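>>> Predicted model and sequence below, questions to follow.
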Amino acid sequence: MPSEHISKQFDLDLETVRSLVLEMGGLVEEQVNRAIEALSTGNLDLASDVVETDLRVNAMDVRIDEACGQIIARRQPAARDLRMVMTVIKTVTDLERIGDEAEKIARMAKLMHESSRIATPRFTDLRHMSGVALDMLRKALDAFARLDAASAVQVARQDLMVDEEFRGTLRQLISHMMEDPRTISMSIEILFAAKAIERIGDHAKNIAEYVVYMVKGKDVRHVSVEEMEREVLE
């Protein structure tokens, strides 16, 4: 009976941190969504809200790390349980960094709109990229929730699209700056926002890779998407 009680508590501990990760993920997803909306519409209240929300995200990062530390100290997890705890620790780090990127976008939105330097046609170039990055984050969190390695591979494929769109945006902005030096300040600000979106995609991909590790026990960091697919199918 005592061992049964300990096992149930262990399961509860793991489920608690897993639920906290999904709660933090939802908060970060909302943060990114609002940051993009602030950049698109010039809603400075939304931008301020994103910056304030980052404090809550940081607090959750610390809370989950502490919970994982207690699980390791008290339960000494092994095998799949240990992979779960390690995945949680790494995932919350990437979620916290996504929150930081959302804060950067929000601050850039305030800077551009307060100075009236935003150019709608240029933001249109970011709209699709930001939509893909958000979809990657949603899919990565869903894959984590459902332990779905196949969906995680889809996230890695989408990252290639985001990277390509960022390179295209960079080329366009460089052309604009060369053609009209008066656009340099605005172009650099938009470039910072575009880079933040691209980094959100990178962090979402990282989370997807951790899911494959958790489910398959295979470390697929620094491998091609094709190799990642082969590992998942094995």
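Yep, that arrived.
>>> what's the next secondary structure element after the helix or strand where A38 lies?
Assignment of secondary structure by DSSP states H and E places A38 within helix 2-41. Next helix or strand after helix 2-41 toward the C-terminus (DSSP H and E): helix 44-75.
>>> could you say what helices and strands that next one packs with?
helix 2-41, helix 79-114 (3 or more CB pairs under 8 Å, 6 or more residues apart in numbering; DSSP states H and E). (C-beta placed from N, C-alpha, C; glycine too.)
>>> residues making contact with stretch 159-176?
Contacts with stretch 159-176, where a contact means CB atoms under 8 Å, 6 or more residues apart in numbering, come from 122, 125-126, 128-129, 132-133, 136, 183, 187, 190-191, 194-195, 197-198, 201-202, 204-205, 225.
>>> ok, back up a step: of the helices and strands packed on helix 44-75, which shows the lowest average pLDDT?
Mean pLDDT is lowest for helix 2-41 among the helices and strands packed on helix 44-75, at a mean of 86.
>>> which parts of that helix are buried?
Buried residues in helix 2-41, counted by 16 or more other CB atoms under 10 Å: 13-14, 17-18, 20-21, 24-25, 27-29, 31-40.
>>> could you say what helices and strands it packs with?
Against helix 2-41 (3+ CB pairs under 8 Å, 6+ apart) you get helix 44-75, helix 79-114, helix 120-146, helix 184-216.
>>> Now do the very next helix or strand once past the third one, average pLDDT.
In the C-terminal direction, the helix or strand that comes right after helix 120-146 (DSSP H and E) is helix 149-179. The pLDDT scores in helix 149-179 average 94.
>>> Check the offset of helix 149-179 from the chain's centre.
15 Å (CA atoms, centre = their mean, to the nearest Å).
>>> what angle do that helix and helix 120-146 make?
Angle, helix 149-179 to helix 120-146, by axes from the mean of the first three to the mean of the last three CA atoms, to 10 degrees: 160 degrees.
>>> what's the angle from helix 149-179 to helix 184-216?
Using the same axes, to 10 degrees: helix 149-179 against helix 184-216 is 170 degrees.
>>> quick one: buried residues of helix 149-179?
149, 151-156, 158-159, 162, 165-166, 169, 173, 176-177.
>>> Among the residues you listed, list the two that are farthest apart in space.
Using CB to CB, the two most remote members of these are A149 and M177, lying 42.7 Å apart.
>>> Spatially nearest residue to V215, not counting backbone neighbours?
A149 (4.4 Å; CB to CB, 6 or more residues apart in numbering).
>>> ignore the last one, D202
D159 (6.7 Å).
>>> So the one you found versus A59, what's the distance?
Distance check for D159 against A59: by CB to CB, to the nearest Å, it reads 28 Å.
>>> cool, L44 as well?
24 Å.
>>> and if you look at L147?
Applying CB to CB to L147 and A59 gives a distance of 27 Å.
>>> Take the helices and strands packed on helix 2-41 and write them to CSV, including mean neighbour count and distance to E229.
Listed next are the helices and strands packed on helix 2-41 as CSV, based on neighbours: other CB atoms under 10 Å; distance: least, CB to CB, whole Å:
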stretch, mean neighbour count, distance to E229
helix 44-75, 16, 29
helix 79-114, 21, 20
helix 120-146, 19, 14
helix 184-216, 22, 10
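>>> Least confident of these, on average?
Among these, helix 120-146 scores lowest, with a mean of 87.
>>> give the contact list for R63.
By CB under 8 Å, 6+ apart, the neighbours of R63 are L20.
>>> tell me the contacts of M86?
Y213.
>>> Let me fix that, I meant to ask about F10.
I71, R75, P77, D81 are the contacts of F10 under CB under 8 Å, 6+ apart.
>>> so what's the second one closest to, chain neighbours aside?
Yep, that's R75 we're talking about. F10 (5.2 Å).
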